[in-house]
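1. Structure of the sequence below:
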Amino acid sequence: MIIINQNLLFIVPPRNKSGILEAAIPKKGWGIRLDKSYDFVAIGDSITRGFPFTEEYSWVNIISEKFGLKIKNRGISGDLSSDMYDRFIPHVVMENPRAVIILGGYNDAFCGVAPEKVALNFRKMYAEARKHNIKTIMGLPTPVAFPNIESLLAEYRNWIRNYAQKEEIGLIDFYSLFLDPSTKGPLPHLTVDGAHPGIEGYRVMARAVDLNLLCTKGEK
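-> Below you'll find the predicted structure:
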């Protein structure tokens, strides 16, 4: 299948028998942008996209306007971390950004995906970014109001913290500003359904993003 994305043309192969999207195959003469038209790409799921609102209300758009940065929102509702990796080449690498912000794991937790599988997907995304000299910044998922799911998300967060420290990867703590210490879930007024942020919730997520982190020189 051929997809035209603004000035970029690339080929996305069909999914294999397991339903997994195979790596994008760039056609000769096409592929990675040379002009770095985006400062950043944010890849994730519905909480990157801005669901249940439009992309205009997402934390990505808020920080883009706040800091005057060109950020491409590549959040897709329902994506698992494996889906994010499957589309990492066409949606991140081929945009040729200076850096990528990776925030995911919510749908993995709802589906009960083992932490080691989620960790593998994050490691593969980081390796792909590093191979193409794209700086990586990871995000800590916000808490959810469902204890069984939150306990799994907590395992993902612990791994992300440790991995970011080990690899010297930038880290955005979306978690702490959302946390209700009395319940270990989200502050009720920040979500619409116990998981997805409301309009104020997305504003709070944007407050967690430090311009100094985004603008730190050097690629990892």
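
2. Contact partners for the spatially closest residue to residue 135 that is not a sequence neighbour?
-> Nearest non-adjacent residue to residue 135, counting by C-beta to C-beta, 6 or more residues apart in numbering: residue 99, 3.8 Å away. Any C-beta I mention is one placed from the backbone N, CA and C, and that applies to glycine too. Contact analysis of residue 99 by C-beta atoms under 8 Å, 6 or more residues apart in numbering lists 39, 40, 41, 134, 135, 136, 137, 214, 219.

3. Restricted to strands, list those residues.
-> In this view, the contacts of residue 99 that belong to strands under DSSP state E are 40, 41, 135, 136, 137.

4. can I get these in CSV with pLDDT, neighbour count and distance to residue 202?
-> Below are those laid out as CSV (pLDDT from 0 to 100; neighbours: other C-beta atoms under 10 Å; distance: C-beta to C-beta, whole Å):
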residue, pLDDT, neighbour count, distance to residue 202
40, 95, 25, 17
41, 97, 26, 18
135, 95, 20, 24
136, 97, 23, 22
137, 97, 22, 18
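
5. Make JSON lines out of the residues you listed and add distance to residue 148.
-> Below are the ones in strands among the contacts of residue 99 laid out as JSON lines (distance: C-beta to C-beta, whole Å):
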{"residue": "40", "distance to residue 148": "33"}
{"residue": "41", "distance to residue 148": "32"}
{"residue": "135", "distance to residue 148": "35"}
{"residue": "136", "distance to residue 148": "30"}
{"residue": "137", "distance to residue 148": "29"}
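
6. roughly how far apart are residue 150 and residue 214?
-> With distances taken as C-beta to C-beta, to the nearest Å, residue 150 is found 28 Å from residue 214.

7. cool, and residue 120?
-> Using C-beta to C-beta, we find residue 120 at a distance of 27 Å from residue 214.

8. who's more crowded, these two?
-> Using other C-beta atoms under 10 Å as the criterion, residue 120 and residue 214 rank with residue 214 on top: 20 against 14.

9. residue contacts, that one?
-> Applying C-beta under 8 Å, 6+ apart to residue 214 gives the contacts 40, 63, 67, 69, 99, 137, 170.

10. 10 Å - rerun?
-> 39-40, 63, 67, 69, 71, 98-99, 101, 135, 137, 170, 172 (C-beta atoms under 10 Å, 6 or more residues apart in numbering).
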